[in-house]
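In: Please find the sequence and the predicted model below.
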Amino acid sequence: TNQFATTICCIGAGYVGGPTCSIIADKCHDVLVYIVDIDQTRIDQWNSDKLPIYEPGLDDIVKRRRGLNLFFTTDVDTAINKSDIIFVSVNTPTKKSGIGAGMAADLKYIESATRRLAQVAQSSKIVVEKSTVPCKTAESMRAILESNSKPGLRFDILSNPEFLAEGTAIQDLLNPDRVLIGSLQTPEGKKAQATLADLYARWVPREKIITMNLWSSELSKLAANAMLAQRISSVNALSALCEATGADIDEVAYAVGKDTRIGSKFLKASVGFGGSCFQKDILNLVYLCESLNLHEAADYWRQVITINEYQKKRFIQRIVKSLFNTVTNKSIAILGFAFKKNTGDTRESAAISLIKYLIEEQAQVHIYDPKVEEEQIFFDLIEPGVYSNENQVLHKVKKLVKVHKDAYSATLNTDALVVCTEWDEFTNLDYQKIYNQMRKPAFVFDGRLILNSDKLRKIGFNVEVIGKVA
Ligand code: NAD
Ligand code: UGA
């Protein structure tokens, strides 16, 4: 490794670890980057032609640097030992059982990665907490490292939360609004902070690299996600009011967003936010507030999730009501299964709860998504390991759900089509052709406000749009 100035190891080859550290490899050819994971399948995919995640621009970067200064491996220990800087980008899902179940972040993956690091490290390291974690997690990591490592080694822990959004990860990483680095305000902490800042400064302007104390940095990540999600819940709560009054949510959001103090981004009404993080991070914040006896603050943030659930339920109710109060035996096309466009990620996608409801009601469901694999769709609908009567669930789902290769095949002979994800290609479909091959009356439910409803109505569709009255 002599030819390299620095070696880094990223633990966790997921949606965050993969793209962030591939960018480092691409921007710094003198830095050797190991991205490691315990999941052999995932590592094999990173080393193949078909990467485990779809993210515009990612393939080119990985193919450009793989084998030169970018390596994907399950040999965690060797990679740790060769590295000066260790990024921890493991998953931190909501706990499913035990204390804080359904709310608190499950830190078992952080802890096992940290213990492994302590056990195998032969030299001092800078440890970068990249995963989203509750405030004060760095303190637990330090305790584990200090009490389990070889004598004489130093571990400086930094908080460096990631703000990328899926679908735009590469652009977000190349041109971030800010890079945040928190550290202990000791000379050693500040030195480690400066080392990481120098790495980012290879492509990020210095004024965008913000340094602060560890706890502020950890909390800022939860705060940013909570405030982003809160904007969506605010606009979705207003969409209910629009449907009841005849106001139009796109017009209201436009007018409100023109105020530069509010701004126009993240004000798009929808079928509800999904994704692996918003709900989990808000629950995490709520749990933190509750555990510090800040109950009013907890209630405030909890409401963001309550409104999101309300929005999903409202949309389902509107579909059922429009379809003459029954969907049983009706045939319904679902356009989009990913939680947003330009990603194949389905975690917490609003489409999942909608389709599960339709299955409960014995509707026939025809799904098309440009990037989500059939296997993933069935996995999400069946949730292996959750039900004791798994075979029955599988049988029922397989009987009612069909996954299609394009939107025309998915909508053939259906009573309704529902837009769940805002994929660009859905706006350019030949809706006359789709109308001709659907049962009548034909319904369109636009859960993303992306279709031209006037045009669709002229064709003959009954159109229902979130936040608008027909
Ligand atoms: P992910 O599930 O896609 O990836 C995490 C990976 O870590 C998995 O492949 C898993 O096998 C691996 N892992 C778990 N324990 C390990 C261990 N001990 N050693 C080696 N590998 C291990 O998760 P993600 O979406 O990349 O999210 C990671 C973190 O980043 C989370 O805390 C999340 O909140 C945060 N985050 C995610 C996003 C996003 O857009 N997905 C954005 C910003 C922040
Ligand atoms: C979000 C944040 O935007 C990132 O900054 C953050 O790093 C990331 O979470 C994380 O911590 O994981 P992501 O979930 O990938 O990123 O995608 P978003 O663009 O935020 O969309 C989240 C959900 O909100 C999607 O379902 C999207 O369709 C929905 N949304 C978004 C709306 O309904 N309306 C909007 O105006 C914007």
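Out: Cool, got the structure. It should be emphasised that the depicted structure is a prediction, and the values quoted were computed from it without experimental measurement. Ligands and ions are numbered 1, 2, ... in the order given.

In: All the strands of the chain, in order from the start?
Out: 6-11, 31-36, 70-73, 85-88, 125-129, 155-159, 179-183, 209-213, 331-335, 364-368, 401-403, 416-419, 443-446, 462-465 (DSSP state E).

In: Between those strands, which one is closest to ligand 1.
Out: Ligand 1 lies closest, by C-beta to the nearest ligand atom, to one member of the strands of the chain: strand 6-11, at 4.7 Å. Where you see a C-beta, it was placed from the backbone N, CA and C, and this is true even at glycine.

In: Serialize the strands of the chain to CSV and add fields for mean neighbour count, mean pLDDT and distance to ligand 2.
Out: What follows is the strands of the chain, written out as CSV (neighbours: other C-beta atoms under 10 Å; pLDDT from 0 to 100; distance: least, C-beta to the nearest ligand atom, whole Å):
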stretch, mean neighbour count, mean pLDDT, distance to ligand 2
strand 6-11, 25, 98, 16
strand 31-36, 25, 98, 18
strand 70-73, 22, 98, 22
strand 85-88, 25, 98, 15
strand 125-129, 24, 97, 14
strand 155-159, 24, 97, 14
strand 179-183, 24, 98, 11
strand 209-213, 16, 97, 15
strand 331-335, 26, 98, 14
strand 364-368, 23, 98, 17
strand 401-403, 19, 98, 20
strand 416-419, 26, 98, 12
strand 443-446, 24, 98, 13
strand 462-465, 21, 98, 14
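
In: can you redo the ones you listed as CSV with distance to Asn452?
Out: Compiled in CSV, these are given as follows (distance: least, C-beta to C-beta, whole Å):
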stretch, distance to Asn452
strand 6-11, 44
strand 31-36, 43
strand 70-73, 44
strand 85-88, 45
strand 125-129, 46
strand 155-159, 45
strand 179-183, 40
strand 209-213, 42
strand 331-335, 15
strand 364-368, 20
strand 401-403, 27
strand 416-419, 12
strand 443-446, 10
strand 462-465, 9
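
In: do you know which of the ones you listed lies nearest Leu288?
Out: strand 155-159 (15.0 Å; C-beta to C-beta).

In: what's the distance between the closest one and the middle of its chain?
Out: 25 Å (C-alpha atoms, centre = their mean, to the nearest Å).

In: what's the angle from it to strand 125-129?
Out: Angle, strand 155-159 to strand 125-129, by axes from the mean of the first three to the mean of the last three C-alpha atoms, to 10 degrees: 20 degrees.

In: what does strand 155-159 contact?
Out: 118, 121, 124-129, 138, 141-142, 145-146, 149, 180-184, 188-189, 191-193, 196, 214, 217-218 (C-beta atoms under 8 Å, 6 or more residues apart in numbering).

In: can you list the residues of the stretch 151-300 of the chain near ligand 1?
Out: Residues of the stretch 151-300 of the chain lying close to ligand 1 (C-beta under 6 Å from any ligand atom) are Glu162, Leu164, Glu166, Ser276, Cys277.

In: so which of these also contact ligand 2?
Out: Checking those against ligand 2 by C-beta under 6 Å from any ligand atom, the ones in range are Glu162, Leu164, Glu166, Cys277.

In: hang on, isn't the second one packed against Thr20?
Out: Yes: under the criterion of C-beta atoms under 8 Å, Leu164 makes contact with Thr20 at 7.2 Å.

In: Overlap of the contact sets of those two?
Out: Common contact partners of Leu164 and Thr20 (C-beta under 8 Å, 6+ apart): Leu173.

In: Just confirm yes or no for the biggest helix by length in the chain near ligand 2.
Out: Longest helix in the chain, counting residues (DSSP state H): helix 214-245. Yes: residues of helix 214-245 contacting ligand 2 under C-beta under 6 Å from any ligand atom: Asn225, Leu228, Ile232.

In: Spit out the contact partners of the first one.
Out: When contacts are counted by C-beta under 8 Å, 6+ apart, Asn225 touches Thr132, Cys277, Phe278, Asp281, Ile282.

In: closest to ligand 2 among the residues you listed?
Out: Cys277 (3.0 Å).

In: Just to check, the closest one is in contact with Thr132?
Out: Yes: at 6.6 Å, Cys277 counts as touching Thr132 under the criterion of C-beta under 8 Å.

In: any weak-confidence spans in the stretch 1-150 of the chain?
Out: For the stretch 1-150 of the chain, applying pLDDT under 70 flags the ranges 1-2.

In: Contact distance from ligand 2 - what residues of it qualify?
Out: Within the stretch 1-150 of the chain, the positions near ligand 2 by C-beta under 6 Å from any ligand atom are Thr132.

In: Which residue would be the closest one in the stretch 1-150 of the chain to ligand 1?
Out: Using C-beta to the nearest ligand atom, Gly14 is the residue of the stretch 1-150 of the chain that sits closest to ligand 1, at 1.9 Å.
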